[in-house]
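>>> coords please:
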Amino acid sequence: MRILPLATAAIFLCAAAPAAHGAVSVVAYECTITATGETQDVSIDVELTVPEQAPVDEQMTIGWQGAYVPGAELIAPDTGLDGEITMYAYAGISGIEGLTSATGVAPLGTIVAGEPIPLPQTTVDLLTTPGTPDSGTVHAASVNFGTSPQERLIECEIKDTESLTEYPLTVVGADGSPSTTPTPDASDTETPETEDTEDTEDTEDTEDTDATETPEPEDTQNTEETEDTGTEDAETPSGGAATGAGGAAGPDGRVLLATGLLITLAAVTGLAIRRPRPRS
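Residues are numbered from 1 along each chain as shown. Modelled structure (predicted):
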C-alpha cells in the first residue's frame, strides 16, 4: 500500500526539480608544466550539467565531471609537485552579456611523481552569477593545477575550440522573462505626435469648411425664396382676377360689356317707339 504514495512523490520531485542539460564529450587539451615548459597531449571525457534556466543576479551552478581517455592521462613531472595540489576547472559561456565563465575548485591532495594526476571522483561545482537576462551557450574550458589560482603549476588549454559541445543556457529576469523590456526608440515616440498633428489639421479643415462653405448656399436659397415670395405677394392682390395681365389690370371687363349692351337696347327700343306710323 505504501508503494503507490512513494512512487507518486518521486514523480512529483522529478517534475519539480529544475531541468538540466548534460552530455559527455571528449575534450583534447595541451597541458604545459610551467616550471620546465614541457607539454603533454591529454584527453578528458568531460560532462557538463547546465541548468535550462538561471535567475538573474543569483549564483548558478554548472556541474563538471571528468575522466581520462585511456592512454591520454596527465602525468606528473618526475620532480613531483610540491604542496597540496588543487584542480581549477572552468566553463566558457558565450552569448550572454557580462557573463564569460564559471569556475570550480577541487582539492587533489598529494601528487606522486611520474604518475597520472588523479581527477576528482565527484562532481565539481562551477559557480557564476549572471547579471543580465539573456540566452547563450556553455562549453568546457581550460583546466589548471596548482596551489592557488595565481600559482598554476600545470596549465591545460583546449586544442580545438571549434569541436566543443555547446549546452544551451537561458538567464531569466525576476518576472521569468528571458530578456529585458526593450526601450522605445525614436520612431515609437514620434509616430503618435505626427498622427495627432494630422488629426488636428484635418479637424480644423473640416470645421472651417463646414462653417464657411455649408451655410452660404443655404442662406442664398432662403434669400431668393423670400424675395420671390415677397414679389408675388406685392404684385398679386388678394382676390385678383386672372386676366392674363396680372391682378393690377383693374375691374372685370364683363361688367362694362353688359352695361353697354343695356344702354344700346334701351336706345333701340326708344327709337322703335318714336318711329311714325303710316297714315291710312
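
>>> what bridges to the nearest residue to Ala67 once chain neighbours are set aside?
Excluding the flanking residues, the one nearest Ala67 by Cβ to Cβ, 6 or more residues apart in numbering is Asp45, at 4.9 Å. Every residue, glycine included, has its C-beta placed from N, CA and C. Beta-bridge partners for Asp45, by DSSP bridges, are Val26, Ala67.

>>> wait, Asp45 sits on Gly66?
Yes - using Cβ atoms under 8 Å, Asp45 is in contact with Gly66, at 6.4 Å.

>>> more crowded one of the two?
Counted by other Cβ atoms under 10 Å, Asp45 and Gly66 do not tie: Gly66 has more neighbours, with 20 against 14.

>>> doesn't Leu48 make contact with the more buried one?
No - Gly66 is beyond contact range of Leu48, at 9.7 Å (criterion: Cβ under 8 Å).

>>> pop out the phi and psi values for Glu162.
phi -70, psi -20 (degrees, to the nearest 10).

>>> and Thr32, how close does it get to Ser142?
Separation of Thr32 from Ser142 (Cβ to Cβ, to the nearest Å): 11 Å.

>>> which residues do these two both contact?
155-157 (Cβ atoms under 8 Å, 6 or more residues apart in numbering).

>>> just the residues you listed now: which is nearest Gly173?
Glu157 (34.7 Å; Cβ to Cβ).

>>> from what I can see that closest one touches Ser142, true?
Yes - using Cβ under 8 Å, Glu157 is in contact with Ser142, at 5.3 Å.

>>> higher neighbour count, those two?
For Glu157 versus Ser142, neighbours defined as other Cβ under 10 Å are more numerous around Ser142 (18 against 14).

>>> where does pLDDT dip in this protein?
Applying pLDDT under 70 to the chain flags residues 1-24, 176-258, 268, 270-280.

>>> now the helices: where do they sit in it?
3-16, 186-212, 215-235, 253-274 (DSSP state H).

>>> who's in contact with Leu126?
Neighbouring residues of Leu126 by Cβ under 8 Å, 6+ apart: 61-64, 89-91, 102-104.

>>> now do 6 Å
62, 64, 91, 102-104 (Cβ atoms under 6 Å, 6 or more residues apart in numbering).

>>> Ala72 now?
Going by Cβ under 6 Å, 6+ apart, Ala72 touches 42-43.

>>> out of the shared contacts of Thr32 and Ser142, which comes closest to Gly71?
Cys156 (16.6 Å).

>>> my read: that closest one touches Phe145, true?
No - in this structure, Cys156 is not within contact of Phe145 by Cβ atoms under 6 Å, at 7.8 Å.

>>> report how many residues lie close to Asp82.
Around Asp82 there are 10 residues (other Cβ under 10 Å).

>>> now do Thr137
Residues near Thr137, counting by other Cβ under 10 Å, number 16.

>>> run a quick check on it versus Ser94, I expect a contact.
Yes - assessed by Cβ under 6 Å, Thr137 is found in contact with Ser94 at 5.3 Å.

>>> skipping adjacent residues, who's closest to Gly63 in space?
Thr49 (3.3 Å).

>>> beta-bridge partners for that neighbour, please?
Gly22, Gly63.

>>> I'd like to know how many residues surround it.
18.

>>> distance of Gly131 from Ile96?
9 Å.

>>> of these two, who's got more company?
Neighbour count, other Cβ under 10 Å: between Gly131 and Ile96, Ile96 has more, with 21 against 13.

>>> contacting residues for that one?
134, 136, 171.

>>> scan those residues and report the most crowded one.
Most crowded among the contacts of Ile96, counting by other Cβ under 10 Å, is Val171 at 26 neighbours.
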